[in-house]
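**Student:** Pasted the sequence and its predicted model underneath.
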Amino acid sequence: MYACLQLGQRVMAAPVLRVSTPRWERIARLLVCLLGILLSLYAFHVEREKARDPSYKAMCDVSSSISCSKVFSSRWGRGFGLLGSIFGNDSALNQPNSVYGIVFYAFQLLLGMTVSAMAALILMTTSILSVVGSLYLGYILYFVLKDFCIICITTYALNFILFILNYKRLVYLNEAWKQQLQAKQD
């Protein structure tokens, strides 16, 4: 089957390839993204409750050195500790990191339902950015805040898993497209 694109007087045909991702990849993506959304929603809840009531103790606050609310309410808990100093603390971009997490995981889930080459590249690029962001925030967590945040570490792991899934997807789709194009040329 070919999709036609008319340019002036010429009609160009581009092959429409029918490819799908493996079922295990779709299930893994769904689980990882849903868990990421849930953890991000919980982080958002903890940050809001801590701002409302400074004596609030979240389930993830185990001790003085294992405290997610301490991390979420820190300077680095909003806009990755960067956007506030660049755009101002009152900027619409200086949102809690959990908001960016919700958007990221929803984006990965929804775009992951498609199998286009552009979608695969966007998924890979955004997951690379999330891993770089996780390394940055992990550094801040350990060396600056000297804290252990269970929610944070779990989301860093989820970001790395999504990176692996997106890499495998890119490799799989590339091979599938090559095989289909080869079969059409034969």
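**Tutor:** Looks like it arrived, so ask away.

**Student:** so residue 113 is in which element?
**Tutor:** Per DSSP states H and E: residue 113 is located in neither a helix nor a strand.

**Student:** That one: what's its closest spatial neighbour, skipping adjacent residues?
**Tutor:** Nearest residue to residue 113, sequence neighbours excluded (C-beta to C-beta, 6 or more residues apart in numbering): residue 26, at 7.9 Å. Backbone N, C-alpha and C define where each C-beta goes, glycine included.

**Student:** any idea whether that neighbour is helix, strand or coil?
**Tutor:** The assignment at residue 26 comes out as helix when based on DSSP: H, G, I helix; E, B strand; the rest coil.

**Student:** isn't it right up against residue 112?
**Tutor:** Yes: counting by C-beta atoms under 8 Å, residue 26 does reach residue 112; the two are 7.4 Å apart.

**Student:** More neighbours: which of the two?
**Tutor:** Neighbour tally, residue 26 and residue 112, criterion other C-beta atoms under 10 Å: the higher count belongs to residue 112, 23 against 15.

**Student:** For residue 19, see how far away the more buried one is.
**Tutor:** The span separating residue 112 from residue 19 equals 14 Å under the rule C-beta to C-beta, to the nearest Å.

**Student:** Give the next helix or strand downstream of the helix or strand hosting residue 48.
**Tutor:** Applying DSSP H and E as the criterion places residue 48 in helix 23-52. Reading on from helix 23-52 to the C-terminus, the next helix or strand found by DSSP H and E is helix 68-72.

**Student:** Following element in sequence after that following helix, please.
**Tutor:** Scanning forward in sequence from helix 68-72 by DSSP H and E, the next helix or strand is helix 83-87.

**Student:** Go through that following helix and flag the buried ones.
**Tutor:** For helix 83-87, a neighbour-count test (16 or more other C-beta atoms under 10 Å) marks 83-84 as buried.

**Student:** Ramachandran coordinates for residue 57?
**Tutor:** Main-chain torsions, residue 57, degrees, to the nearest 10: phi -120, psi 110.

**Student:** Neighbours of it, how many?
**Tutor:** Using other C-beta under 10 Å, the number of residues around residue 57 comes to 13.

**Student:** Ok, residue 168 next?
**Tutor:** Under the neighbour criterion other C-beta under 10 Å, residue 168 is assigned a count of 15.

**Student:** what do you get for the one 5 residues further on?
**Tutor:** One way to gauge burial is a neighbour count; for residue 173, by other C-beta under 10 Å, it gives 19.
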